[in-house]
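S.K.: Using only what follows, build the 3D model:
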Amino acid sequence: MTQRIQIGAVFVIIHLSFGYLIYPDLVYTLTKTAHWEVVICLGCLQLILLWIYIKGLNYFPESDVIDIYLTKGRWVAIIFLTPFVLNLLSIVAFNMRMHTEVIISIFLPRTPYWSILLLLFFISVYAAIKGLGTILRSSAFIFLFVIPIVVFNIFSSVVNFDLHNVTPGWNSPAKFMLDKKFFYLLGFSSFLFLGFTSSYSKVTFRQIFLASVSTTLIFLSVVYIPLFIFGQETAVTLSDPFVEAMDSVDISWFSFNRQTMFFGISLVGLVILANSVMLWMIGQVMGKTFKYLRVKSTYWIITFSVISFILALLVPNRSLVEKYFLWSLGAQSYSMIIIPLTIFIIGILSKRGVLENEK
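M.R.: Predicted structure coming up:
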């Protein structure tokens, strides 16, 4: 039960790591009213894919995603998982660089960005090398530290709310579902890692449902706090709407006179854990899929993490970081659809005896 709770904590943390910075911008560009529709529709779509994914994994109770693909042949695993690994590599790089830019802007304006990158790099790689056990134990600590900060940010922001900035609305039909940026939002989901932990701890849909609903509610707050404070017309012009919203709150009565200090501290924990999970996933895929090379997963993690660090350094400015990050999320959303569906189909066909396992 403890492991299942920790896995739920990782699920929430990775969502927060991705969603704080770019998620509101995408929602604002998708619609000018009824922003809640975008968030709720995305949450429902994630739940559907999550159910399909867990249902498919349940056909192979002692195996993870890599093992399932390998039962159908090494080339099947390479075809489906190698693009996923390359995409994770790009997300790790751009996630580190994007969070570094925000952390510097909040409380380290005179610090060179490469030094912050280096710090995030070493801690993330160390946690990934130590393995899933270390990641899960760290997730419990980070969750207990970050979630109170998130709740504090939400409730302390209420003092600046102007209810006239947001009016209830209903968009019918919901044209945003045909926009490619809506599928970029799907890339913020973090449920694919559940398939990498299935051989360690079986997670049911009922248990992860609460975590999914919680992330949807948090995303609603991330979207609506800037709207209630600034309004749609202003929020859409801001580079970091949520950060600006946090910075507008006066908490001079507290020892930290800027709410963004809490936000920046929480970002450090979020990005470290999210990147360590993705690097660990890369190590698992490469170590099992290319087992014949006899290269330990640790060396795969180090190799890909160095590549991601160099890639993060090479991006010249933040606008390109955000553009490349969105492209990576687009590829990630493709994986969010293809991998659950293929695992589900393989499970059904294997149960009916249509497919034979590769020996």
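S.K.: and Thr111, backbone torsions?
M.R.: phi -90, psi 130 (degrees, to the nearest 10).
S.K.: tell me the SS of the closest residue in space to it that isn't next to it in sequence?
M.R.: Leaving aside its chain neighbours, Thr111 sits nearest to Ile104 (5.9 Å; criterion: C-beta to C-beta, 6 or more residues apart in numbering). Quick note: C-beta positions are derived from backbone N, CA and C, even for glycine. Under DSSP: H, G, I helix; E, B strand; the rest coil, Ile104 falls in the helix class.
S.K.: Tell me if I'm right that Arg74 and Thr289 touch.
M.R.: Yes. Judged on C-beta atoms under 8 Å, Arg74 makes contact with Thr289 at a distance of 6.8 Å.
S.K.: neighbour-wise, which of those two wins?
M.R.: Ranked by neighbour count (other C-beta atoms under 10 Å), Arg74 and Thr289 place Thr289 first, with 22 against 15.
S.K.: Let me see the contact set for the more buried one.
M.R.: Shown in contact with Thr289 (C-beta atoms under 8 Å, 6 or more residues apart in numbering): Ile66, Leu70, Arg74, Ala77, Ile78, Leu81, Thr82.
S.K.: Could you do Ser212 as well?
M.R.: Phe11, Gly43, Gln46, Leu47, Leu50, Phe191.
S.K.: try Lys55
M.R.: Phe205, Phe344, Gly347.
S.K.: Same list, these, but as CSV with secondary structure, distance to Val92 and pLDDT please.
M.R.: Formatted as CSV, these follow (DSSP: H, G, I helix; E, B strand; the rest coil; distance: C-beta to C-beta, whole Å; pLDDT from 0 to 100):
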residue, secondary structure, distance to Val92, pLDDT
Phe205, helix, 28, 82
Phe344, helix, 27, 91
Gly347, helix, 29, 87
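S.K.: Quick one: the strands in the stretch 251-359 of the chain, in order.
M.R.: Under the criterion DSSP state E, counting those that start in this stretch, the stretch 251-359 of the chain contains no strands.
S.K.: which sections of it are below the confidence cut-off?
M.R.: Applying pLDDT under 70 to the stretch 251-359 of the chain flags residues 251-260, 262, 353-359.
S.K.: what kind of secondary structure is Val203 in?
M.R.: On the basis of three-state DSSP, Val203 is classed as coil.
S.K.: and it, what does it touch?
M.R.: Val203 neighbours (C-beta under 8 Å, 6+ apart): Arg4, Ile7, Ile54, Leu194, Thr197.
S.K.: one step back: let me know the closest of the contacts of Thr289 to Met278.
M.R.: Closest to Met278 out of those is Leu81 (13.4 Å), distances taken as C-beta to C-beta.
S.K.: ok so that closest one is a helix residue?
M.R.: Yes. Leu81 sits within a helix when classified using three-state DSSP.
S.K.: Next, count neighbours for the closest residue to it other than its chain neighbours.
M.R.: Nearest residue to Leu81, sequence neighbours excluded (C-beta to C-beta, 6+ apart): Val285, at 5.0 Å. Using other C-beta under 10 Å, Val285 has 26 other residues around it.
S.K.: Would you confirm that Val285 contacts Phe80?
M.R.: No. At 9.9 Å, Val285 and Phe80 do not qualify as touching, with contact defined as C-beta under 8 Å.
S.K.: that older thread, what sits against the residue nearest to Leu81?
M.R.: Ile66, Leu81, Thr82, Phe84, Val85 are the contacts of Val285 under C-beta under 8 Å, 6+ apart.
S.K.: Now a ChimeraX select for only the buried ones of those.
M.R.: Here is the ChimeraX command that selects the buried residues among the contacts of Val285 (16 or more other C-beta atoms under 10 Å):
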select :66,81,84,85
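S.K.: And the furthest pair within the contacts of Val285?
M.R.: Ile66 and Thr82 (11.5 Å).
S.K.: show me what contacts the residue nearest to Thr111?
M.R.: Applying C-beta under 8 Å, 6+ apart, the residues contacting Ile104 are Thr111, Tyr113, Ile116.
S.K.: cool, Ile348 as well?
M.R.: Neighbour list for Ile348: Gly56, Tyr59 [criterion: C-beta under 8 Å, 6+ apart].
S.K.: same thing with Leu238?
M.R.: Here Leu238 is in contact with Pro226, Phe230, Glu244 (C-beta under 8 Å, 6+ apart).
S.K.: In a helix, it, correct?
M.R.: No. Judged by three-state DSSP, Leu238 forms no part of a helix; its state is coil.
S.K.: Backbone torsions only: list them for Ala34.
M.R.: Dihedral angles (degrees, to the nearest 10) for Ala34: phi 50, psi 50.
S.K.: picking up where we left off before, for the contacts of Leu238, which single residue is the most surrounded?
M.R.: Pro226 (27 neighbours).
S.K.: The residue lying closest to it once chain neighbours are set aside: how many residues sit nearby?
M.R.: Using C-beta to C-beta, 6+ apart and skipping residues adjacent in sequence, the residue nearest Pro226 is Pro241, 3.8 Å away. By the criterion of other C-beta under 10 Å, Pro241 has 26 neighbours.
S.K.: list the contacts for Pro241?
M.R.: Counting by C-beta under 8 Å, 6+ apart, the residues that Pro241 touches are Pro24, Asp25, Tyr28, Pro226, Phe230, Ala235.
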